[in-house]
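# 3D, please:
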Amino acid sequence: MAIGFVFVSTAPGKDHEVYDHLKAVPEIKELYALFGEYDFIAKIEADDFNALGPVSYTHLRAHETVLDLVCRLLLE
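Coordinates of the predicted model:
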């Protein structure tokens, strides 16, 4: 099991739209709204580390109102 945390920054006024989109992604196990530079932090889980990248690009970066992502992997 591979775990990553993704900080997500959205376009102004689009946080509710992005939140709904992220909640529908099955690999996102936890999602929290933030105040400050980033709007959300998402915990993503996949079978292995090679599967984390496609989740980030397919579901997160591809959304037109996501401005920035910072990904951090959890190493055990």
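# how far away from the center of its chain is stretch 37-47?
In this view, stretch 37-47 has its centroid 4 Å away from the chain centroid, taken as Cα atoms, centre = their mean, to the nearest Å.
# and stretch 65-76, by the same measure?
That offset, for stretch 65-76, works out to 6 Å (Cα atoms, centre = their mean).
# list the contacts of that stretch.
With contacts defined as Cβ atoms under 8 Å, 6 or more residues apart in numbering, stretch 65-76 is touched by 2-11, 14, 17-18, 38, 49, 52, 56, 60-61. In this view, the C-beta of every residue, glycine as well, is placed from N, C-alpha and C.
# same thing but 10 Å
1-15, 17-18, 21-22, 37-45, 49, 52-53, 55-57, 59-61 (Cβ atoms under 10 Å, 6 or more residues apart in numbering).
# and stretch 41-49, by the same measure?
For stretch 41-49, using Cβ under 10 Å, 6+ apart, the contacting residues are 1-8, 19, 22-23, 25-34, 51-56, 59-60, 69-75.
# next, the buried residues of the least confident helix or strand in the chain by mean pLDDT.
Least confident helix or strand of the chain, by mean pLDDT, DSSP states H and E, is helix 49-55 with a mean of 83. Across helix 49-55, burial judged by 16 or more other Cβ atoms under 10 Å covers Leu52, Val55.
# what of stretch 58-76?
His59, Leu60, His63, Val66, Cys71.
# would you say the first one is within a strand?
No. When the secondary structure is assigned by DSSP: H, G, I helix; E, B strand; the rest coil, His59 falls in helix instead of a strand.
# show me where pLDDT drops low in the chain?
76 (pLDDT under 70).
# where do the strands of it begin and end?
Ranges of strands in the chain, per DSSP state E, are 2-10, 28-33, 40-46, 66-74.
# who does the last one pair up with?
Taking DSSP bridges as the criterion, strand 66-74 pairs within the sheet with strand 2-10 (antiparallel).
# can you check the third one too?
In the sheet, strand 40-46 lines up against strand 2-10 (antiparallel), strand 28-33 (antiparallel) (DSSP bridges).
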